[in-house]
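Colleague: sequence first, predicted model second:
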Amino acid sequence: MGLHRHTKYETQYINETNIRTAIYMAVVVIALEIWMLIRYVDKRPGLTFMKYFDGWTNYLILLSSAWIILTFSISFKYKESGRKHGRSIIGIISGSLTLLLDILMSIRFLHVRKGMPFKDLIEASKYLVLLTLLIVCYLIYEIFLSHKSLRSTALYGQFLNFLFALICLGFGCETSVYDVTRERQILCFVTMVIYAACLLIWKPYVSIIIISVVFNYFYSDWKPIMKANESPYAQNILEANQINYLTFWIALVMVSISIYQQRLAEAKKDENLVTANARLKKLAVEDELTGLSNIYQFVQDAKEVMLNTPGNKTYLFLNIENFKNYNDQFGYQAGNKFLKKVAGMIKDTFSGCPVARQAYDHFAVLADNDGLMEKLEGLRRQIININTDIHIDLKVGAYTPGSDMSESTILTSHGSGTDNDMKAAGKMVDPRIAIDRARFACSLMKNKYDKHFMAYDRKVDSDFHKRQYIVNNIDHAVENGYIKVFYQPVVWSENHTLCGCEALARWDDPKYGFLSPADFIPVLEEYRQIHKLDKCIWEIVCRDLRNVKASGMQPVPVSLNFSRLDFELMDTVTVLEELVDKYQIGKNDIHVEITESALTDNMGMLRQSMNRLKDDGFSVWLDDFGSGYSSLNVLKDYSFDVLKIDMKFLSSFDSNDKSKVILNMIIELAANLGMYSLTEGVETEEEADFLTKVGCGRLQGYYFGKPMPLNDIIEKIQNGTYIIKRLV
């Protein structure tokens, strides 16, 4: 019934639909009234102009009201499309001419009816009054309100439509009552009710009131006339159509309700689409959680700032340190509230600057250099004080365009090294690259708890490009043989005979020369490319073992390093099995070293893979024991053949007696669990002697040999430096 409250969008949609509908109604009414005027003149030849004018009054009232509605509706359509073309001036002229015609009709009306009782005069002039109100309201709109919003205009148009509907309905009633007295049909009444009550959209209860009042008004005038008319025609019309009249009322009510519901459904559907599009548009430029810009919008804003503002800007990458621990302790909902609060602090601190949430607990800012460090320190204190139960901190990487002075930054057309070059460079750096550099600077502070700010400079730039080179060229290095395997001896502790080797990766690059494993292994792990390197190493080792065996020498077992990512990014066990089959080597020639840290996540998958390796006949070692926080749990949950003790235990061997006690206990624990022990990082005879005494079976370290190419270790075996003694 329309008793519920419309949304603003639904109200505007229905009002705008009514205005568009009014265009067609007004055109039809204007055409009909012009035709009626022509017909009136044609049927009454010889009348004076004033006689014609008197007879035209009702037609002119309806024609004028339709013309006003048409003018307003067309003006609205122009406004809706954003066009002007002097529509207000045209509307004022049109309204003024119509008002002049209305005044002439009113003067003539009063002249003809002078002496009429006031009550009857008011009754007879009601449609002229409505027309005058309609014209005046329209002129008020064109002169004072046409600049208002589209929504206000649509609401105003609905009011004008209401006045137009009253005139149409009144015209229909009076014309059909007049026709009935001359034994004609009530088609004018029917037409106007359909126009005003059905084509225009009203709330159902409004439609019912309008239709009921009009029907009652018309019937109250129609019934006495029909009863007074004693002709059989009139009596038949009255008796036969009383039921039809009620049926017609019901039909019109149902039609008006149906049209209303249809338009309302369209409005709801359209509103949903508009809302969805607005949401998508918002998501395209805004971070959903914090309300800050997303990185895409940040890039656009930063480009505009750097093009319009000379220099003195720094890109910041902000990382909330230890936020994961906050999430784990308080839950993700609390974590989201925390991020919203931090986002507000960052926005307030760097008011007027482009600020965005990049991802997770990372934020990006293009900040003014003036007072930058003071702002960052104040922001850091605010973040730390949000929750003192959890240690939360802020780390910031910074990149000032031009600070690296690299070729990729400075335009060659500007030369190099001048202040103007740096300003030009600042304008030309892609904000995404700038933030990536700031992020890299921030990453260099990992595990450095006393450092909270790092600027991207020439040295950092060199490291950054090296990292990018490593990631981009690992496939090329594998394909072209730049990846080399160095072998570090592993000896028996009791006689220092050779019992195996560990395969270690080296990268002999044509651009950077020999890259240290510390340069490329962490980078490949970070970018999830380490499995490419490991697979390459495994294949080289298997090929070397086959070649050694083919040369007639006795091979020694080689231990291969496996990372957690190897198990995630490929079917590790299948790859190793295929390599062993491909090169026809024994599974006892391969030892699998799995780092302790790899076993802390996804235990189900790793346990399954380790069981497959052991079932296949491979020896499985636990590498770097004691480097993590869950060593004893690892020993409880997994089964290993060899426990490889981390070299850190020997780092303070001479100065800290606790190291000896701990080493002794670990070796004894391994023996009790049925595992052999191996200690790496042995560099002195004293360390070797101690480990031998406490029962450590195998030793590895620089004291027995550094990592070396295959040919070097073969040479040392052949000249007697190393004597092979395999485990039987």
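Modeller: Received it, and whenever you're ready, just let me know what you need. Numbers count the residues shown, from 1 in each chain.

Colleague: ranges for the strands of the stretch 401-550 of the chain?
Modeller: 453-455, 483-492, 498-509, 513-515 (DSSP state E, counting those that start in this stretch).

Colleague: can I get these in TSV with mean pLDDT and distance to Val29?
Modeller: Any C-beta I mention is one placed from the backbone N, CA and C, and that applies to glycine too. Compiled in TSV, the strands of the stretch 401-550 of the chain are given as follows (pLDDT from 0 to 100; distance: least, C-beta to C-beta, whole Å):
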stretch	mean pLDDT	distance to Val29
strand 453-455	92	76
strand 483-492	96	87
strand 498-509	95	86
strand 513-515	92	87
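
Colleague: now the ones you listed as a markdown table including mean neighbour count and distance to Trp67?
Modeller: Below are those laid out as a markdown table (neighbours: other C-beta atoms under 10 Å; distance: least, C-beta to C-beta, whole Å):
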| stretch | mean neighbour count | distance to Trp67 |
| --- | --- | --- |
| strand 453-455 | 17 | 73 |
| strand 483-492 | 21 | 87 |
| strand 498-509 | 21 | 85 |
| strand 513-515 | 13 | 86 |
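
Colleague: out of the ones you listed, which gets nearest to Asp615?
Modeller: strand 498-509 (21.8 Å; C-beta to C-beta).

Colleague: which elements pack onto the closest one?
Modeller: helix 458-479, strand 483-492, strand 513-515, helix 517-526, helix 530-550, strand 558-562, strand 698-700 (3 or more C-beta pairs under 8 Å, 6 or more residues apart in numbering; DSSP states H and E).

Colleague: next secondary structure element downstream of the helix or strand in which Val580 is found?
Modeller: Secondary structure from DSSP states H and E places Val580 in helix 572-583. Next helix or strand after helix 572-583 toward the C-terminus (DSSP H and E): strand 590-595.

Colleague: wait, is Thr721 part of a helix?
Modeller: No. Assessed with DSSP: H, G, I helix; E, B strand; the rest coil, Thr721 is coil; it does not lie in a helix.

Colleague: so it versus Leu678, what's the distance?
Modeller: For Thr721, the distance to Leu678 (C-beta to C-beta, to the nearest Å) stands at 21 Å.

Colleague: show me which of the two is the more surrounded one.
Modeller: Leu678 (31 against 13; other C-beta atoms under 10 Å).

Colleague: show me what contacts the nearest residue to the more buried one once chain neighbours are set aside?
Modeller: Nearest residue to Leu678, sequence neighbours excluded (C-beta to C-beta, 6 or more residues apart in numbering): Arg698, at 3.9 Å. Shown in contact with Arg698 (C-beta atoms under 8 Å, 6 or more residues apart in numbering): 490-493, 499-500, 642, 676-679.

Colleague: mind running it again at 7 Å?
Modeller: Arg698 makes contact with 490-493, 499, 676, 678 under the criterion C-beta atoms under 7 Å, 6 or more residues apart in numbering.

Colleague: just to revisit the earlier point, will you turn the strands of the stretch 401-550 of the chain into JSON lines that also has distance to Gly311?
Modeller: Formatted as JSON lines, those follow (distance: least, C-beta to C-beta, whole Å):
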{"stretch": "strand 453-455", "distance to Gly311": "16"}
{"stretch": "strand 483-492", "distance to Gly311": "44"}
{"stretch": "strand 498-509", "distance to Gly311": "37"}
{"stretch": "strand 513-515", "distance to Gly311": "36"}
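
Colleague: closest to Ile23 out of those strands?
Modeller: strand 453-455 (65.7 Å).

Colleague: so, low pLDDT: which residues of the stretch 201-350 of the chain?
Modeller: Scanning the stretch 201-350 of the chain for pLDDT under 70 picks out the ranges 201, 204, 221-245, 278, 280-284, 310.

Colleague: ranges for the helices of it?
Modeller: 204-228, 232-285, 295-308, 323-330, 332-349 (DSSP state H, counting those that start in this stretch).

Colleague: about what we covered before: the strands of the stretch 401-550 of the chain: which one's closest to Glu685?
Modeller: strand 483-492 (12.9 Å).

Colleague: now for that closest one, which elements pack on it?
Modeller: strand 498-509, helix 530-550, strand 698-700, helix 710-718 (3 or more C-beta pairs under 7 Å, 6 or more residues apart in numbering; DSSP states H and E).

Colleague: among those, which is the most enclosed?
Modeller: Neighbour counts (mean count of other C-beta atoms under 10 Å) averaged over each of those peak at strand 698-700, with a mean of 23.

Colleague: picking up where we left off before, tabulate the contacts of Arg698 (JSON lines), appending distance to Arg5.
Modeller: As requested, these are exported to JSON lines (distance: C-beta to C-beta, whole Å):
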{"residue": "Val490", "distance to Arg5": "82"}
{"residue": "Val491", "distance to Arg5": "87"}
{"residue": "Trp492", "distance to Arg5": "88"}
{"residue": "Ser493", "distance to Arg5": "87"}
{"residue": "Cys499", "distance to Arg5": "86"}
{"residue": "Tyr676", "distance to Arg5": "80"}
{"residue": "Leu678", "distance to Arg5": "78"}
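
Colleague: nearest to Ser106 among the residues you listed?
Modeller: Leu678 (113.5 Å).

Colleague: that closest one pairs with what?
Modeller: Beta-bridge partners recorded for Leu678 (DSSP bridges): Lys644, Arg698.

Colleague: ok, now which ones touch it?
Modeller: 490, 642, 644-645, 697-698, 700.

Colleague: show the pLDDT at Leu128.
Modeller: Looking at Leu128, its pLDDT is 78.
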